[in-house]
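Novice: sequence unknown, structure follows:
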């Protein structure tokens with residue numbers, strides 16, 4: 001027996017405490033995952049059904065001047081088509097301005113922009129490479145449009161998508177409008193089709209959040225903000241697309257998702273590339289969440305605080321919680337030895353992740369491997385992101401996601 005003060009702790013109580021800790025570790029991923037991916041969407045969906053459907057304001061008598069902002073690093077291969085499609089939109093041609101910020105590119109990106117042959121396309125070259133957020137900050141002094149539309153250099157905008165995005169901002173209560181990503185790619189070669197399913201679910205959730213009040217993060221591929229909101233300077237290690245919704249909310253605006261404003265986003269072709277993308281974006285996301293922690297104050301931001309904590313914090317807490325399925329069963333050997341199946345499952349999953357990381361890029365992953373591989377690659381990416389945060393590392397230099405050049409038709 002162990003004496004603590006005047007109380008004696010028996011061996012049975014010690015075993016009970018150890019087992020309780022084990023059950024906590026085993027149950028935590030279930031509780032967090034169940035809330036983030038089942039309970040929260042159900043609650044938001046039920047609330048959304050009590051609210052009127054989101055409808056766009058009518059077209060304005062005169063469309064505002066729009067600056068399309070593209071921050072690019074070594075995008076010579078993909079940028080031309082992105083520029084062509086951005087200028088080929090149904091938006092009035094004399095109301096379009098395009099600003100390409102070259103993050104000290106070392107290929108032919110700068111020459112491509114300079115020689116593009118359209119006076120609406122301008123180049124701002126950064127004197128040294130400092131990353132996407134630094135380029136976005138630097139763009140503030142060079143914006144001409146009342147509305148700033150941020151797009152990635154690798155995505156394509158269908159002709160009818162820009163007007164709905166701008167129309168959303170004709171509502172004086174809206175400060176930010178996010179497009180709807182459509183994940184596209186060559187399914188005969190790629191092993192990352194599961195990304196499309198995840199993107200689709202995310203877009204549905206944002207549509208429901210819009211009806212309730214406001215989304216908590218924009219699509220980094222295609223979103224629009226009022227110029228004065230974009231000109232808010234943010235630390236260079238943050239993800240502006242995530243922070244932009246909170247910037248809008250802090251200034252008294254809503255942030256909405258616009259289903260009609262679609263953009264085509266080429267999938268990363270391999271799970272190896274997906275690991276790099278996810279660990280980088282989640283790492284920056286956690287940095288941004290920490291910076292925006294005050295937005296989760298329910299006494300000040302009400303339902304927005306609840307949605308942000310549910311959509312972002314709880315979801316990202318799930319990744320370190322999965323470590324409990326490796327360690328937790330070790331505390332339950334006497335009472336529930338079957339729990340070791342969780343440990344075995346996690347170890348098999350990590351071995352599978354290792355397998356897909358070494359899979360040849362020119363060979364498609366089998367379907368039986370692709371989906372669980374995506375799941376465990378996501379878990380590993382989450383672990384890397386949390387390690388980055390706990391070690392207080394400065395975010396690595398921005399590396400644009402190397403998405404393939406899409407040949408998908410534009411509607």
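Specialist: That came through, no problem. Treat the numbers as computed from the prediction; the structure is a model and nothing was measured.
Novice: the strands in the stretch 201-350 of the chain, which residues?
Specialist: Taking DSSP state E, counting those that start in this stretch as the criterion, the stretch 201-350 of the chain carries its strands at 222-226, 254-266.
Novice: pick the most deeply packed of those strands.
Specialist: The highest average neighbour count among these, using mean count of other Cβ atoms under 10 Å, belongs to strand 222-226 at a mean of 27. (Each C-beta comes from the backbone N, C-alpha and C, glycine too.)
Novice: coming back round to it: hey, least reliable of the strands of the stretch 201-350 of the chain by pLDDT?
Specialist: The stretch with the lowest mean pLDDT among those is strand 254-266, at a mean of 91.
Novice: for that one, packing partners?
Specialist: Judged by 3 or more Cβ pairs under 8 Å, 6 or more residues apart in numbering; DSSP states H and E, the packing partners of strand 254-266 are helix 162-168, strand 174-184, helix 194-212, helix 240-250.
Novice: let's go with 6 Å and repeat that
Specialist: helix 162-168, strand 174-184, helix 194-212 (3 or more Cβ pairs under 6 Å, 6 or more residues apart in numbering; DSSP states H and E).
Novice: make TSV from these and add mean pLDDT to it.
Specialist: Output for those, formatted as TSV (pLDDT from 0 to 100):
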stretch	mean pLDDT
helix 162-168	96
strand 174-184	90
helix 194-212	84
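Novice: out of the ones you listed, flag the one nearest residue 104.
Specialist: With Cβ to Cβ as the measure, strand 174-184 is the member of the helices and strands packed on strand 254-266 nearest residue 104 (27.8 Å).
Novice: where do the strands sit along the stretch 51-200 of the chain?
Specialist: For the stretch 51-200 of the chain, the strands defined by DSSP E, counting those that start in this stretch cover 66-72, 96-102, 121-125, 147-151, 174-184.
Novice: now those strands in JSON lines, with mean neighbour count and distance to residue 165?
Specialist: Output for those, formatted as JSON lines (neighbours: other Cβ atoms under 10 Å; distance: least, Cβ to Cβ, whole Å):
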{"stretch": "strand 66-72", "mean neighbour count": "25", "distance to residue 165": "9"}
{"stretch": "strand 96-102", "mean neighbour count": "23", "distance to residue 165": "13"}
{"stretch": "strand 121-125", "mean neighbour count": "17", "distance to residue 165": "20"}
{"stretch": "strand 147-151", "mean neighbour count": "26", "distance to residue 165": "7"}
{"stretch": "strand 174-184", "mean neighbour count": "24", "distance to residue 165": "5"}
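Novice: quick one: low-confidence parts of the stretch 1-150 of the chain?
Specialist: Scanning the stretch 1-150 of the chain for pLDDT under 70 picks out the ranges 1-14.
Novice: switch to 80 and redo it
Specialist: Low-confidence segments of the stretch 1-150 of the chain (pLDDT under 80): 1-16.
Novice: where do the helices sit along it?
Specialist: For the stretch 1-150 of the chain, helices defined by DSSP state H, counting those that start in this stretch occupy the ranges 11-34, 40-49, 76-87, 109-114, 132-139.
Novice: and those helices as TSV, adding distance to residue 57 and mean neighbour count?
Specialist: Formatted as TSV, the helices of the stretch 1-150 of the chain follow (distance: least, Cβ to Cβ, whole Å; neighbours: other Cβ atoms under 10 Å):
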stretch	distance to residue 57	mean neighbour count
helix 11-34	38	15
helix 40-49	20	16
helix 76-87	23	19
helix 109-114	33	19
helix 132-139	27	22
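Novice: distance to residue 162 for these - can I get that in JSON lines?
Specialist: Formatted as JSON lines, the helices of the stretch 1-150 of the chain follow (distance: least, Cβ to Cβ, whole Å):
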{"stretch": "helix 11-34", "distance to residue 162": "37"}
{"stretch": "helix 40-49", "distance to residue 162": "26"}
{"stretch": "helix 76-87", "distance to residue 162": "8"}
{"stretch": "helix 109-114", "distance to residue 162": "20"}
{"stretch": "helix 132-139", "distance to residue 162": "18"}
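Novice: does residue 78 touch residue 155 like I think?
Specialist: No: applying Cβ atoms under 6 Å as the test, residue 78 and residue 155 come out as separate, 9.1 Å apart.
Novice: re the thing from before, so which of the helices and strands packed on strand 254-266 is nearest residue 250?
Specialist: strand 174-184 (9.6 Å).
Novice: who touches that closest one?
Specialist: Under the criterion Cβ atoms under 6 Å, 6 or more residues apart in numbering, residues 165, 168-169, 195-196, 199, 203, 218-219, 221-226, 229, 244-245, 248, 253-259, 261-267, 406, 408 lie in contact with strand 174-184.
Novice: re earlier: and of the helices of the stretch 1-150 of the chain, who's closest to residue 320?
Specialist: helix 11-34 (9.4 Å).
Novice: can you get me a residue count around residue 321?
Specialist: 20 (other Cβ atoms under 10 Å).
Novice: didn't it look like it was pressed against residue 29?
Specialist: Yes: Residue 321 sits in contact with residue 29 when judged by Cβ under 6 Å, with a separation of 4.5 Å.
Novice: any idea how far residue 287 is from residue 388?
Specialist: 8 Å (Cβ to Cβ, to the nearest Å).
Novice: more neighbours, these two?
Specialist: Neighbours per residue (other Cβ under 10 Å) separate residue 388 from residue 287, with residue 287 holding more: 23 against 20.
Novice: residue 93 is nearest to which of the helices of the stretch 1-150 of the chain?
Specialist: Using Cβ to Cβ, the nearest of the helices of the stretch 1-150 of the chain to residue 93 is helix 76-87, at 7.6 Å.
Novice: same for that closest one, what does it pack against?
Specialist: helix 109-114.
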